[in-house]
Each structure stands twice: as structure tokens, then as C-alpha cells.
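# Sequence first, predicted coordinates after that:
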Amino acid sequence: MPRRRMPSLSALRCFEALGRHLSFTRAGTELGITQAAVSRQIKALEEDLAVRLVTRGAGGNSLTAAGEILFGGVHRAFGTIEDTVQRITGSGEREILNVSLAPYFSACWLTPRLMAFVQRHQNIDLRLHHSYQPADHRREGIEIGINWGAGAWPGVVKEKILDGGLTPVAAPGLLSHLDLGGDPARLLAATLLYEFDIGDWRLWFAEMGHAMPTEARALRLSDSHALRRAAIDGHGIALFCHGLVQADLAAGLLVQPFGHVVHTGYDYYLNYAEDAELTAKAKAFRHWILDEVARAPLA
């Protein structure tokens, strides 16, 4: 049976890179050719197939409906080729698994447990990419992730593994000076530290039966590590993820003055693309994560 006529593999490779980056310049940089060369390859591919694949505009590039269909097939095909080559070359048949992770979750929860996965799956070369939002799994080559958010991510399978509820925590010395006496309103004598939205503090006080005054002292630290450090150093009361502060509470570095946890609609989710079956290495990572959570449930 004769082979079907195929477009140029070079043109398809350029198109796959363009589909991931949606930038002729970045695609060229990845492939080691000029932006103009990528443009010529795409134009030749469109002429060969007699269909428009890319819409070019001042606001950016986008794939047409036909381009999206072609990109899906080409991306999977090149991924299969790369995986196959990886199995027969490189470092002892180790397979690369790219994982997207929320930064503080990675440092606080995953990293202390990571060697257990590495020792169990020595054929997998784990690559960690840190981001709060889940990756564009198809375009970025990220197979699976654990990310923080409301979970409103189209085209993504989501499995909640950690409640994102927030609770006030502070250094023991600071709390001893506040003399709370069981009154949440006395927290207002200190600086209220938060990471995302001052409205989270307002919601916590409201659920505790108090209105937070507009003149309350507050400071946003848009990084979990900085927020934790500021709380430990006694610079204020931090509204922190309850599930990720347990080790500091157990060590006495921080104290939870009130047991109430406010839920803002944001949690940590294991996530992966819904339109592609997980590879064996990604399935192994997913099963390990779920086993770890079952063995020591997260708050």
C-alpha cells in the first residue's frame, strides 16, 4: 500500500513550535532559526495544505480552527517521537516527567517527601516547574500539576487534594503581648498580614462576628515564604493556609490563636489535561501523590 503524501516534517516542526508559543520569534529561538524562516515554513505549509492555519494580528497570533486540529495531532506525534527517543538514548532510559507545582506547596509539602518517589521510580527524571496557575498542559509540555486556585480551568481534570482554608497565625511572643482574652477584635492591635486579598481578612472577621474597620493596619506580602517569615519574626498576624502551616504550629514557631478557618473558594488541585490520557510516568506520580495524601491526609 503506497504511503500517503505528507507535508514537510520541517514545516510541521515549525508549526508545532509556533502552536505552543504563538510567537514566530520564540518558535524560531527554540528551533535555532530566524523568525522569517519560521514564517516561510508556515506559509509553505498553508499553501501545501490549502488551508489557513494561523491568524496573524497586532494583538498576537492565534490558531484557526483547522490550525488547532492540526496542532493537536502534530503535538502528540512529536511528543511520542521524543518519548521513544528518550527511552533508547540519554541517561539509562530515564523518562522525563514535567510537573507544574504551586511554589510554597512544593517547598513545604512535596519536597520533604520527594525522595520517596525518586527511590520508588528511579526510571523517572522529575522536572519541577513552579506556578500558582496550572500550565497549558498541551502547549507547555506539562503532563500533570498541583496548583492553587478556584479550579475554574477549562479542559483540565481536577482532583482536590488540599483545602485552601485560611487561619490567623502569629509568633508566640507577639500573641503574649496582645493579651487576646478570647476576643478576635484584639488582633486588630497588630498588623494584619495577607497574601492575596484584604477581603479574606474581612471575611474571617465577619464569620467571627466582627466588622473589620477600614482603618485597620494591613500589609500584603505576595509570597507565601515572605508571609511566613514575617509572621515568625513577629511583624504581624498572618492569614495563612491552614493545611500548610501545621509543621510550624507543631514546632511552636507559630501559634493559631483561634481555631476558625475561613474558606475563600481556593484550594490545591491535582490537575492534568482532559483530552489526553496520562502517560505511565504521570500515572505513577498521580498514584503516589494520592497515596501520600491518603496516608497522611492534608487539612
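The structure has been received and is ready for your questions. Because the structure is predicted, anything quoted here is derived from the model rather than measured. Numbers count the residues shown, from 1 in each chain.

# Now do the contacts for Ser224.
Pro103, Tyr104, Cys108, Glu195, Phe240, Cys241, Leu244 (C-beta atoms under 8 Å, 6 or more residues apart in numbering). Any C-beta I mention is one placed from the backbone N, CA and C, and that applies to glycine too.

# from those, which would you call buried?
Tyr104, Cys108, Glu195, Phe240, Cys241, Leu244 (16 or more other C-beta atoms under 10 Å).

# So which of the residues you listed are in strands?
Phe240, Cys241 (DSSP state E).

# From the buried ones among the contacts of Ser224, which shows the smallest pLDDT?
Least confident of the buried ones among the contacts of Ser224 in the model: Cys108, at 88.

# tell me the contacts of the closest residue to that residue other than its chain neighbours?
Among residues not flanking Cys108 along the chain, Leu244 sits closest, at 5.0 Å (C-beta to C-beta, 6 or more residues apart in numbering). Leu244 sits next to Tyr104, Phe105, Cys108, Trp109, Leu162, Ser224 when contact means C-beta under 8 Å, 6+ apart.

# Let me see the domain layout of this structure.
With domains defined by automatic domain parsing, the chain comprises 9-87, 90-164+266-295, 166-250.

# And the shortest one, how far out from the chain middle?
It stands for domain 9-87. How far domain 9-87 lies from its chain's middle: 25 Å, per C-alpha atoms, centre = their mean, to the nearest Å.

# same thing with the longest one?
The chain centroid and the centroid of domain 90-164+266-295 are separated by 8 Å, computed with C-alpha atoms, centre = their mean.

# i'd like the first residue to be 806 from this point on
Okay, residue one is now 806; in that scheme the one you just asked about reads as domain 895-969+1071-1100.

# Which pLDDT does the model give the closest residue in space to Glu945 that isn't next to it in sequence?
Ranked by C-beta to C-beta, 6+ apart and with sequence neighbours excluded, the top spatial neighbour of Glu945 is Arg825, at 7.0 Å. On the pLDDT scale, Arg825 is placed at 87.

# Which SSE is immediately downstream of the strand or helix carrying Arg825?
Using DSSP states H and E, Arg825 falls within helix 814-826. Sequence-wise, the next helix or strand downstream of helix 814-826 (DSSP H and E) is helix 829-836.

# Let me see the residues that make contact with the helix holding Arg825.
Around helix 814-826, the neighbours that count as contacts under C-beta under 8 Å, 6+ apart are 829, 831-832, 835-836, 838, 842-843, 846-847, 849-850, 853, 858-859, 866, 868, 872, 875-876, 879-880, 883, 943-946.

# Could you report the neighbour count for the residue nearest to Glu945?
18 (other C-beta atoms under 10 Å).

# which other helices and strands contact the helix or strand that contains Ile874?
Per DSSP H and E: Ile874 is located in helix 870-893. Helix 870-893 sits against helix 814-826, strand 900-906, with contacts defined as 3 or more C-beta pairs under 8 Å, 6 or more residues apart in numbering; DSSP states H and E.

# From Asp941, how far off is the residue nearest to Cys913?
26 Å (C-beta to C-beta, to the nearest Å).

# same thing with Val856?
For Val856 relative to Asp941 (C-beta to C-beta), the value is 24 Å.

# what do you get for Leu1044?
30 Å.

# next one: Ala1035
Counting by C-beta to C-beta, the separation of Ala1035 from Asp941 is 33 Å.

# Which of those two has more residues huddled nearby?
Ala1035 (19 against 15).

# Quick check, the more buried one in contact with Ala1043.
Yes - with contacts counted by C-beta atoms under 8 Å, Ala1035 reaches Ala1043, the gap being 6.6 Å.

# Now do the shared contacts for the two.
The contact lists of Ala1035 and Ala1043 share Leu998, where a contact means C-beta under 8 Å, 6+ apart.

# Strands along this protein, start to end?
Remark: strands assigned in the chain by DSSP E are 859-860, 867-868, 900-906, 929-935, 949-954, 961-967, 971-974, 997-999, 1023-1025, 1042-1046, 1072-1078.

# Near the residue lying closest to Asp1080 once chain neighbours are set aside, how many other residues are there?
Nearest-residue entry for Asp1080: Gly960, 6.5 Å, with adjacent residues in sequence omitted and distances by C-beta to C-beta, 6+ apart. Applying other C-beta under 10 Å, we find 12 other residues in the vicinity of Gly960.

# My understanding was that Gly960 contacts Asn1076; is that so?
No - the criterion here is C-beta under 8 Å, and Gly960 misses it with Asn1076 at 10.2 Å.

# hang on, isn't Asp930 packed against Ile901?
Yes - using C-beta under 8 Å, Asp930 is in contact with Ile901, at 4.8 Å.

# Distance-wise, check Trp1093 relative to Ile874.
34 Å.

# Understood, closing this out.
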